[in-house]
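[1] Take this sequence and fold it.
(chains A and B)
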Amino acid sequence: MIAMIAHTLVLVGLVIAAALVFRFRDLLSAAIAFGVFSFLLSLEFYILQAPDVAIAEAGIGAGLTTAIYMVAIKGTERTEAEE
Amino acid sequence: MSMSKIVRAAADIIFVFILTFGFYIVAHGHLTPGGGFQGGAVIATGFVLLIAAYGSRALLDRFGKEWFRSSEALGLLVFIGTAFVALFLGATFFANWLANGGLIFGEAVAFGPNPGDLNTGGVIPIMNIAVGIEVLGALSLIVLYMLSGTEEGA
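    Okay, here's the model as predicted:
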């Protein structure tokens, strides 16, 4: 029962984080939201008994990709262009 | 560009634990989940933390891009070299020539459920370590080259 609730919370958090990535006009906030998404995805991998993939996702997705996005934002524009 | 003193002190402390955890994942790659790639990615995350806290200048003064490039080349050479040694010993390419030999990593695996012995696996732990060295250099290089595109790390 506890595991079921935790699993549902992680899935709901995944959808919210993914929606926030699209909602934010500030690209730095979007990159942070993407990091949260990657962290929740690695938790989901762990719940689904794939700890190997969970370690890779936590290291690459939450750690390195967020840093690379931040470097890219620093080199370009911080806010998304208006339509 | 470096961050405030609090961030730098915290990065100093956390870096040690990230490094220890990364090398643990690499060394136990044949026993537990994880392996060369995952451990190397964790170690590279530690280097990225140092870059974020101190700026790329401070890290490049200590190590330099050549250091990471050589670690990438060394890892790949050890990996393919271990595979070629099997060819010279008369076995097939990538054959496990160290398994059950009594040498390094040469213990026979115990039968039945057991907690796992680090001294087993033959060439698999060696290849995990090689991949770990390669990945930590390569992923740190990716971030360093991304930074060299901005005016700060140029």
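
[2] And stretch B:126-137, how far out from the chain middle?
    Relative to its chain's centre, stretch B:126-137 lies at 4 Å (Cα atoms, centre = their mean, to the nearest Å).

[3] cool, stretch B:25-40 as well?
    Centroid displacement of stretch B:25-40 relative to its chain, using Cα atoms, centre = their mean, is 9 Å.

[4] Do any residues in it lie close to chain A?
    Yes - for a cut-off given as Cβ under 8 Å from any Cβ of the partner chain, stretch B:25-40 has contacts with chain A, namely B:Ile25, B:Pro33, B:Gly34, B:Gly35, B:Phe37, B:Gln38. Yep, even glycine has a C-beta here, placed from its N, CA and C like the rest.

[5] Might one say that the last one is in contact with A:Ala56?
    Read that as B:Gln38. Yes - if you go by Cβ atoms under 8 Å, B:Gln38 and A:Ala56 touch, sitting 4.9 Å apart.

[6] Now do the helices for chain A: every range, in order, please.
    A:2-23, A:27-47, A:51-56, A:66-75 (DSSP state H).

[7] Let's have the ones you listed in TSV, adding mean neighbour count, distance to B:Ile14 and mean pLDDT.
    Below are those laid out as TSV (neighbours: other Cβ atoms under 10 Å in any protein chain shown; distance: least, Cβ to Cβ, whole Å; pLDDT from 0 to 100):
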stretch	mean neighbour count	distance to B:Ile14	mean pLDDT
helix A:2-23	13	24	93
helix A:27-47	19	16	93
helix A:51-56	19	17	90
helix A:66-75	18	15	88
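
[8] mind putting these in a markdown table, distance to chain B included?
    Formatted as a markdown table, those follow (distance: least, Cβ to the nearest Cβ, whole Å):
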| stretch | distance to chain B |
| --- | --- |
| helix A:2-23 | 19 |
| helix A:27-47 | 10 |
| helix A:51-56 | 4 |
| helix A:66-75 | 4 |
